[in-house]
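K.L.:
I'll drop the sequence and a predicted model, then ask my questions.
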Amino acid sequence: MTGIKDLMSQKMEQMGKSVDFEGLMSQKARIKNSVGKTAKDVLGWDYLMRGKDGICYSFYGAQSPLIGMTQPVPVPCPLGIRTFAHYNVDFSQAIDILQKMNCGDSFVAMELYWPLTPECQEPFWFIKTSIGSQVVIGANSGKPECHKA
């Protein structure tokens, strides 16, 4: 468990301040009242990460200014996504990009992960809007795509 303790310590120091997190596999937003329009509507994140010991863990971390975290729980490692340690476009920037598009202005789901396919050269933000559109934003490039429902 030493590996997970080191990673959790790192995450607690960086919570709400950074987009560097060794071993990150995905983070899924918990949204205030199930529909959000701004970054302030994101209450926290369900994280999935792979520790240095090769075991995957899931935990919740509140988004600043809220505080709190759950204890990491070992979970089966998912297939089809890869780990990463850094990305350039944080969630608030992704929401800003969404607001500039013609795909809907409210989001009901938001998740960051890097699909394990040759075409995907970076992690992506996947945002579902209240009108059913799927917005995909490159987490390094910031390049958006809208797939209307």
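P.N.:
Cool, the structure landed. Numbering: from 1, shown residues only.

K.L.:
select the longest strand from the chain.
P.N.:
strand 20-31 (DSSP state E).

K.L.:
buried sites along the helix or strand that comes right after that strand?
P.N.:
Counting by DSSP states H and E, the next helix or strand C-terminal to strand 20-31 is strand 42-50. By neighbour count with 16 or more other C-beta atoms under 10 Å, strand 42-50 contains the buried residues 42, 44-45, 47-50. For the C-beta atoms, the positions are set from N, CA and C on the backbone; glycine is no exception.

K.L.:
what's in contact with strand 42-50?
P.N.:
Contact with strand 42-50 is made by 7, 11, 21, 23-32, 36, 56-63, 66, 68, 75, 77-78, 83, 91, 110, as judged by C-beta atoms under 8 Å, 6 or more residues apart in numbering.

K.L.:
now those residues: which count as buried?
P.N.:
Here, 16+ other C-beta under 10 Å leaves 7, 11, 21, 23-31, 36, 56-63, 83, 91, 110 buried among those.

K.L.:
how near is residue 48 to residue 126?
P.N.:
Distance, residue 48 to residue 126, using C-beta to C-beta, to the nearest Å: 14 Å.

K.L.:
which residue ranges form the helices in this protein?
P.N.:
Here the chain has its helices, by DSSP state H, at 2-14, 91-99.

K.L.:
by mean pLDDT, show me the worst of those.
P.N.:
For those, the bottom mean pLDDT is recorded on helix 2-14, which sits at a mean of 51.

K.L.:
isn't residue 87 right next to residue 113, touching?
P.N.:
No. Look at residue 87 against residue 113 with C-beta atoms under 8 Å: they stay out of range, at 10.5 Å.
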